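Asker: From the sequence below, what's the structure:
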Amino acid sequence: MKKLLHKKIAIPALAVIIFFSTTAFKNDFFEIAKQIEIFTTLFKEINMNYVDDTNPGDLMDTAIKSMLDDLDPYTQFYNEQDVEAARINNAGDYTGIGAKVLTLKDKLVIVEPYKNYAADKAGLKAGDEIIKVDKVNVADFKDDAANLLQGAAGTEVTVTYNRQGKTNTVKITRESLEIKAVPHYSMVDDKTGYIVLRKFNNKASAETISALRALKNQGATQLILDLRGNPGGLLNEAVNVTNIFVPQNQLVVTTKSKVKKYNKTYYTKRDPVDTEIPLVVLVDGSSASASEIVSGALQDVDRAVVVGTRSFGKGLVQRPKPLTYGTQMKITISRYYTPSGRCIQALDYWNRDENGKATRTKQENYTAFKTRNGRDVFDGGGVQPDVEVEFSKQTPISKAILNENLVFNFATNYYYSNKVEDLKSFKLSDSDFKKFKTYLKTTGFNFETKTEKALQKTINVAKEEELDGVVKSEYNDLITTLKNYKSNAINENKAQLKALITDEIIKRYFYSEGLYTYYTVNNVEIKKALSILNNPSQYASILR
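Answerer: Model prediction:
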C-alpha cells in the first residue's frame, strides 16, 4: 500500500519541477497546472489525515526519486549535502580522511586509502570495515554514512573498524586532499610517454598538458593516453583535452535537444600542444561520457588509434538546475554527437522491455558513419576501438565475481598472508589461483546467467500451456549444458581473472601509483598500444 501511495505522489511531482523550470513547454500548460493542483491537494490531505504520523520530507523524497526512476539514471535530485559533494568532485578538492569508501548496509568498507593522506597515516588498509564513526553506529545511520567521515581540515574523527576478525579504534585528523585528474604519467620506454587521465574535473586539461610537456622533455616522441575506468565529467574539459592534439576550430561534439538553446556545437578554441605526435587512446567498458567525447572525436578525425574494449555508451548530456533551499537537480537535456555525426548512447531508457529495463541497441541496427579519412565507425553502443583487445572483455563470470566483491575480498585475505616486495615482477601463481577457486566455493558463489533466467520463464509458460512434458527432455539437456559451462567458466576465464586479482593485490602493497607502474611493464592493452606505435606503417594503415 505504501509503495502504491508513493507512486501516486510521484507522477504529479514531475509537474512541480517542470512548472518552476525555465525550460520551454509543449502546448500542455493546462495539463501541467492541473497536475500541480492535484498533487498539492493530495499531499496536503495525506499529511493532515493519514492514520499514522507522516514525514513530509521523506514522502516528498520518495515521490521525487520514484518519479526520476522512470527517466534515465543520470537525471537526479540533489539535497544540500549532495550539492556540496558534487562541487568537491568537480573542483578536485576534498576534506576528509583521504580514502575511497564503499557504503554498505551496516558498514563502510575502505576500498583504497590514498597514499600519505590521513587514513593511510592512521594505518587504515583496504578491506577495513568501519562500523562506528565517533559515537554513531553505521548500521543505524539512515543517510550515506560516508558523509560522517567528512569535516573541516584539522578536526578529529574517531573510527571503529573490523580487520581480520579483530575490532580496532583509531583517531584520524581530517585534511584537505587534492583529487588529481592525472594521477600518473611516466615513460614506458625511451620514446613512449604514458598518461593516465582518470576524471574530467576542471583541472583535467591543464594536468594533461603539464604531463605531456614533461614527457616530451624526457624524450617522448609517441604517446599512450589511458582513459580506462574514466567515468567522464565536465564537457568543456573534454573539448579542451581533445584540443591538446587537434588544431583550433576543430568540431569536437554537438549536442541536440528538444530545447533550441541547448542545441550547441563545441569547437576547439586554443592553440594545440602537439598535432603530430603518434597517439593511442585506451578505453574500456567503464570509459564513459567525456571519455567517449575525447576518444570518439580523436577517432573521427583520424588523430588517434583507439585500443581496448567498447566503451560504456553514455551519449546523454546533463545540466544542473538550481531548486529551492539549496537543492539542485541534474537533468538530461540533450544527446551528444561526435564529429562524424554518430550518437554512441547504448541504452534506450524510453522504450523499456516488459521488465521495465532499458533496452540496448542491437548491433544489426547500428548506423555506419565515416571518419575524415573515410573509415567506418558506428553509433548505438559506445566507442568501438580500432583495435579490440579480446582478453580485456568482461565475461558473465568475471562480472558476477566483481559485482560480489569477491576479487576485492580475496585480495584482502592475500595481503595478510603474503609478502610482495618486487612490484614489476609480481605474478599470481597457479597455486594462488587454485586458492581463489577454493575461496569462491567457501562463499557459496553461484551466478545465474540470462540464458538460465530465460529458460526458466520458458518452462513456466510451458507448464501453463501443459507443454512442459513435451519440452522437458530438451530443457534438461540445456540446463545440463549450462551447468557444465558454469563449472568450467572459471578455468576458461583464468587469464582474465588472474589479471583482475593481480591488479587488486598490487594496489594493496603499492597503492594506485604502483599499479600504474606495474601496467607499464605487464598490462596487455599497453603492450598492444606499444606494438602499434612502434610499427609506424601499421599505425598509419589503421588510420588510413
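Asker: now the stretch 301-450 of the chain, which segments are flagged as low pLDDT?
Answerer: Scanning the stretch 301-450 of the chain for pLDDT under 70 picks out nothing.
Asker: Please enumerate the helices of it.
Answerer: Counting by DSSP state H, counting those that start in this stretch, residue ranges of the helices within the stretch 301-450 of the chain are 396-403, 406-415, 430-443, 450-464.
Asker: Tell me which of those sits nearest to residue 385.
Answerer: With distances scored as C-beta to C-beta, the stretch of these nearest to residue 385 is helix 396-403 (18.6 Å). For every residue, glycine as well, the C-beta is placed using N, CA and C.
Asker: Let me see the residues that make contact with that closest one.
Answerer: Counting contacts by C-beta atoms under 8 Å, 6 or more residues apart in numbering, the residues outside helix 396-403 that touch it are 394, 407, 440, 445, 447, 449-450, 486, 489-490, 493, 496-497, 500.
Asker: cool, and stretch 368-377?
Answerer: Looking at stretch 368-377 with C-beta under 8 Å, 6+ apart, the contacting residues turn out to be 299-302, 338-342, 378-379, 384, 543-544.
Asker: what's the closest of those to residue 109?
Answerer: When these are compared for distance to residue 109 (C-beta to C-beta), residue 384 comes out closest, at 34.7 Å.
Asker: Could you say which helix or strand holds residue 488?
Answerer: Taking DSSP states H and E as the criterion, the element that holds residue 488 is helix 468-492.
Asker: so that helix versus helix 430-443, what angle?
Answerer: With axes from the mean of the first three to the mean of the last three C-alpha atoms, to 10 degrees defining the directions, helix 468-492 sits at 140 degrees from helix 430-443.
Asker: Show me what counts as buried in stretch 168-177.
Answerer: By neighbour count, and taking 16 or more other C-beta atoms under 10 Å as the criterion, the buried residues in stretch 168-177 are 172, 174, 175, 177.
Asker: do stretch 31-47 as well
Answerer: 32, 35, 36, 39, 43.
Asker: go on, stretch 222-238?
Answerer: Residues of stretch 222-238 classed as buried: 222-230, 232-235, 237-238 (neighbour count, 16+ other C-beta under 10 Å).
Asker: Show the subsequent helix or strand relative to the helix holding residue 488.
Answerer: Read in the C-terminal direction, the helix or strand following helix 468-492 is helix 494-522, with elements assigned using DSSP H and E.
Asker: how far does stretch 174-191 stretch from start to finish?
Answerer: Taking C-alpha to C-alpha, to the nearest Å, the first and last residues of stretch 174-191 lie 41 Å apart.
Asker: Just give the number of residues close to residue 299.
Answerer: By other C-beta atoms under 10 Å, 27 other residues sit near residue 299.
Asker: Could you look up the SS state of it?
Answerer: Secondary structure of residue 299, reduced to three states by DSSP: H, G, I helix; E, B strand; the rest coil: helix.
Asker: Surely it and residue 308 touch.
Answerer: No: counting by C-beta atoms under 8 Å, no contact exists between residue 299 and residue 308, whose distance comes to 11.9 Å.
Asker: any idea which residue sits dead centre in the chain?
Answerer: residue 231 (4.7 Å; C-alpha atoms, centre = their mean).
Asker: Please determine how far that residue is located from residue 135.
Answerer: 35 Å (C-beta to C-beta, to the nearest Å).
Asker: what's the answer for residue 68, then?
Answerer: Residue 68 sits 34 Å away from residue 135 when distances are taken as C-beta to C-beta.
Asker: Please say which of those two ends up with more neighbours.
Answerer: When residue 68 and residue 135 are compared for neighbours, residue 68 comes out ahead with 21 against 7, by other C-beta under 10 Å.
Asker: Name the nearest residue to the more buried one, sequence neighbours excluded.
Answerer: residue 75 (5.4 Å; C-beta to C-beta, 6 or more residues apart in numbering).
Asker: and that neighbour, how far is that from residue 235?
Answerer: With distances defined as C-beta to C-beta, the gap from residue 75 to residue 235 amounts to 16 Å.
Asker: again, but for residue 309
Answerer: Relative to residue 235, and taking C-beta to C-beta, residue 309 is found at 24 Å.
Asker: mind listing the strands in the stretch 251-400 of the chain by residue range?
Answerer: Counting by DSSP state E, counting those that start in this stretch, the stretch 251-400 of the chain forms strands over residues 251-256, 264-267, 279-283, 305-308, 316-322, 328-337, 347-348, 359-360, 368-370, 376-378, 387-388, given from the N-terminal end onward.
Asker: Which elements pack onto the third one?
Answerer: Helices and strands in packing contact with strand 279-283 are listed as strand 222-226, helix 290-300, strand 305-308, helix 524-533; criterion 3 or more C-beta pairs under 8 Å, 6 or more residues apart in numbering; DSSP states H and E.
Asker: repeat for the second one
Answerer: Here strand 264-267 touches helix 235-243, strand 251-256, going by 3+ C-beta pairs under 8 Å, 6+ apart.
Asker: Paired strands for that strand, with orientation please.
Answerer: According to DSSP bridges, strand 264-267 has the following sheet partners: strand 251-256 (antiparallel).
Asker: what's in contact with the partner strand?
Answerer: Where contact means C-beta under 8 Å, 6+ apart, the residues beyond strand 251-256 that reach it are 235, 238-239, 242-243, 246, 262-268, 293, 297, 317, 333-339.
Asker: now these: which count as buried?
Answerer: With neighbours counted by 16+ other C-beta under 10 Å, those contain buried members at 235, 238-239, 242-243, 246, 266, 268, 293, 297, 317, 333-334, 336-339.
Asker: Out of the helices and strands packed on strand 264-267, which is closest to residue 529?
Answerer: helix 235-243 (17.8 Å).
Asker: follow-up on the earlier one: which member of the buried residues of stretch 31-47 is positioned nearest residue 358?
Answerer: Within the set of these, residue 35 lies nearest residue 358; the separation is 25.3 Å, counting by C-beta to C-beta.
Asker: Could you say which helix or strand holds the closest one?
Answerer: Secondary structure assignment for residue 35, by DSSP H and E: helix 29-49.
Asker: Now do that helix, average pLDDT.
Answerer: Confidence for helix 29-49, expressed as mean pLDDT, is 91.
Asker: Just the CA atoms of that helix, as CSV, please.
Answerer: Taking only C-alpha atoms (Å, rounded to 0.1, in the frame of the first residue of the first chain), the coordinates of helix 29-49 have been written out as CSV:
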residue,chain,number,x,y,z
PHE,A,29,0.4,24.2,-19.9
PHE,A,30,-3.2,23.4,-18.7
GLU,A,31,-2.2,19.7,-18.1
ILE,A,32,0.8,20.8,-16.1
ALA,A,33,-1.2,23.2,-13.9
LYS,A,34,-3.9,20.6,-13.4
GLN,A,35,-1.3,18.0,-12.2
ILE,A,36,0.2,20.6,-9.8
GLU,A,37,-3.1,21.2,-8.2
ILE,A,38,-3.9,17.5,-7.9
PHE,A,39,-0.5,16.9,-6.3
THR,A,40,-0.8,19.8,-3.9
THR,A,41,-4.2,18.8,-2.6
LEU,A,42,-3.2,15.1,-2.4
PHE,A,43,0.0,15.9,-0.5
LYS,A,44,-2.0,18.1,1.9
GLU,A,45,-4.7,15.5,2.6
ILE,A,46,-2.1,12.8,3.3
ASN,A,47,-0.2,14.9,5.8
MET,A,48,-3.3,16.1,7.5
ASN,A,49,-5.4,13.0,7.6
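Asker: what packs against it?
Answerer: With contacts defined as 3+ C-beta pairs under 8 Å, 6+ apart, the secondary structure elements packing on helix 29-49 are helix 2-19, helix 56-69.
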